[in-house]
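> structure of the sequence below:
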Amino acid sequence: MKLVWIGALLLLLASVARLVSNAQSGTLIKKSWITATDVLPDSELGQLQCVTPAYTAGIFARLPQPLRQKFSARMWQALELMILRSLMLWYVTPAFLIVTIAGFLEGRWARSNQKALVKMHSPMRFSLALAGLAFTPVLVLLWITAPVAVPPTPLVLTLGTLAAASARNLVVHAPTQF
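Numbers count the residues shown, from 1 in each chain. The predicted structure follows:
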């Protein structure tokens, strides 16, 4: 399992490095703004247009001076893209929470109705459910740092399905004593 986490960290670092060194960050920002109009209402989109450059300037000011001088143009656009995606994700987080809670409640219902059938829990399924919930933030970070344009709608559907299935299996296959 440690190798999987190390691989996820290396993939995340490679994604950030590719995003910073990529000359197409400006087009990715434009595509992200276009896809944001599909997900967010106009009032929230207006707030994002005001807040994103301010956050980018604040974070960019905290970087060391030699780093700012060396990577100023490329890093600015990559940082602005990551902040935009993070803020977009902040607005769709309630959808993840609702779906995860629904999966948890469905798992409780399934477990209460199957007590006579389930004599022992499945450690393998429990571990997979725990790993699925643990990898949700990793997948979110990979989307934030992805050097390609990925719309947020498939992200919400994919991660919502993963979170609901993992929460359900976590409850159904949790170790208990009968």
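> from Met124, how far off is Ala78?
Computed with Cβ to Cβ, to the nearest Å, the distance linking Ala78 and Met124 is 40 Å. Heads up, the C-betas are built off the backbone N, CA and C, glycines and all.
> helices of the protein, start to end?
Along the chain, counting by DSSP state H, helices occupy 2-21, 25-39, 42-62, 65-113, 123-144, 152-172.
> could you give the mean pLDDT of the longest one?
Per-residue pLDDT values over helix 65-113 give a mean of 82.
> tell me what that helix is packed against?
If you count contacts as 3 or more Cβ pairs under 8 Å, 6 or more residues apart in numbering; DSSP states H and E, helix 65-113 packs onto helix 2-21, helix 25-39, helix 42-62, helix 123-144, helix 152-172.
> what do you get for the first one?
Packed against helix 2-21 by the contact rule (3+ Cβ pairs under 8 Å, 6+ apart) you find helix 65-113, helix 123-144.
> 6 Å instead, please
Contacts defined by 3 or more Cβ pairs under 6 Å, 6 or more residues apart in numbering; DSSP states H and E place helix 2-21 against helix 65-113.
> of all the helices and strands packed on helix 65-113, which one is nearest Thr100?
Across the helices and strands packed on helix 65-113, Thr100 has its closest neighbour in helix 152-172 (4.4 Å, Cβ to Cβ).
> send over that closest one as CSV, restricted to the C-alpha atoms.
What follows is helix 152-172, C-alpha atoms only, in CSV (Å, rounded to 0.1, in the frame of the first residue of the first chain):
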residue,chain,number,x,y,z
PRO,A,152,-15.7,19.3,-13.5
THR,A,153,-19.0,17.5,-14.3
PRO,A,154,-17.4,14.1,-15.0
LEU,A,155,-15.2,14.7,-12.0
VAL,A,156,-18.2,15.2,-9.7
LEU,A,157,-20.0,12.1,-11.2
THR,A,158,-16.9,9.9,-10.9
LEU,A,159,-15.9,10.9,-7.4
GLY,A,160,-19.4,10.9,-6.2
THR,A,161,-19.9,7.4,-7.4
LEU,A,162,-16.6,6.3,-5.8
ALA,A,163,-17.5,8.0,-2.5
ALA,A,164,-21.0,6.5,-2.4
ALA,A,165,-19.9,3.0,-3.2
SER,A,166,-16.9,3.2,-0.8
ALA,A,167,-19.0,4.6,2.1
ARG,A,168,-21.6,1.9,1.6
ASN,A,169,-19.1,-0.9,1.5
LEU,A,170,-17.3,0.5,4.5
VAL,A,171,-20.4,0.3,6.6
VAL,A,172,-21.6,-3.1,5.2
